[in-house]
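In: Any chance you could fold what I've pasted below:
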Amino acid sequence: MLSDFFKTHEFQMLVDETLRGNACKAVEHFLQNNTPVKRAQLHAIPLVIQADGLAGLTDLIKNQKSKNTKIENKVFWEYMGDVVLTTPGPEFSLRVFLKNQPQVVTLLQDEAGVIDKNEAKKIRKANKVIMDQLLGHVLKIYFEHFNCHYYYLTRQGVSS
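Out: Alright, predicted model coming up:
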């Protein structure tokens, strides 16, 4: 079912336009309130996603947050954890963003009307599996958008 969804025009529009907008807003929100980190902090993200997906990115974020390093790096990785890992997460949380997309809502079961706690737990678990698969599928694209917009706004590497 989910593999069919990834082939649809609706999904392609979601990752090409809507996801890009969310990634750009997340960058702008971070830069509005924080000191930019050096480009090197972002270099590992696409490589880790390509090699190990969501699990690899989770490990990278946790490792980077625990390092004794510059305060701006810690703040950046804390923000990345909030955006990517935290449920429900902040305003630009990738999970919240995806879960609220009309195309995704149709993939999830509604647990609101379920009275039986065991049944509600099964639905939550099934929805989490779908969301994790979806998140794993869009991470690479999301961070292409995120990194490009970050580099553009910070003009890192551009000679004056």
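In: how distant is whichever strand or helix holds Cys148 from the center of its chain?
Out: For Cys148, the host element (DSSP states H and E) is helix 117-154. Here helix 117-154 shows a centroid-to-chain-centroid distance of 5 Å under the convention Cα atoms, centre = their mean, to the nearest Å.
In: so Thr35, which of the three states?
Out: coil (DSSP: H, G, I helix; E, B strand; the rest coil).
In: how many neighbours does it have?
Out: Around Thr35 sit 12 other residues, with neighbours defined as other Cβ atoms under 10 Å. Using the backbone N, CA and C atoms, a C-beta is placed for each residue, glycine as well.
In: you'd agree it is up against Glu72?
Out: Yes - using Cβ atoms under 8 Å, Thr35 makes contact with Glu72 at a distance of 4.3 Å.
In: Can you list the low-confidence ranges for the protein?
Out: 87-90, 156-160 (pLDDT under 70).
In: can you give me the helices for it?
Out: 2-5, 9-13, 19-33, 40-66, 71-84, 94-99, 102-105, 117-154 (DSSP state H).
In: Quick one: closest of the ones you listed to Glu111.
Out: The closest of the helices of the chain to Glu111 is helix 117-154. By Cβ to Cβ, the value is 4.2 Å.
In: ok, Lys74 - contacts?
Out: 65, 67 (Cβ atoms under 8 Å, 6 or more residues apart in numbering).
In: let me fix that: Val15
Out: Applying Cβ under 8 Å, 6+ apart, the residues near Val15 are 138, 141-142.
In: switch to 7 Å and redo it
Out: 138, 141 (Cβ atoms under 7 Å, 6 or more residues apart in numbering).
In: Just the CA trace of stretch 19-37, in CSV.
Out: C-alpha atoms of stretch 19-37 as CSV (Å, rounded to 0.1, in the frame of the first residue of the first chain):
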residue,chain,number,x,y,z
LEU,A,19,8.1,19.3,1.9
ARG,A,20,10.5,21.8,0.4
GLY,A,21,8.5,24.6,1.9
ASN,A,22,8.6,22.9,5.3
ALA,A,23,12.3,22.4,5.1
CYS,A,24,12.9,26.0,4.2
LYS,A,25,10.7,27.3,7.0
ALA,A,26,12.6,25.0,9.4
VAL,A,27,15.9,26.6,8.3
GLU,A,28,14.5,30.1,8.5
HIS,A,29,13.1,29.4,12.0
PHE,A,30,16.5,28.1,13.2
LEU,A,31,18.5,31.0,11.7
GLN,A,32,16.1,33.6,13.0
ASN,A,33,16.9,32.6,16.6
ASN,A,34,20.4,31.1,16.5
THR,A,35,23.9,31.5,15.3
PRO,A,36,24.6,29.6,12.1
VAL,A,37,26.8,26.6,12.3
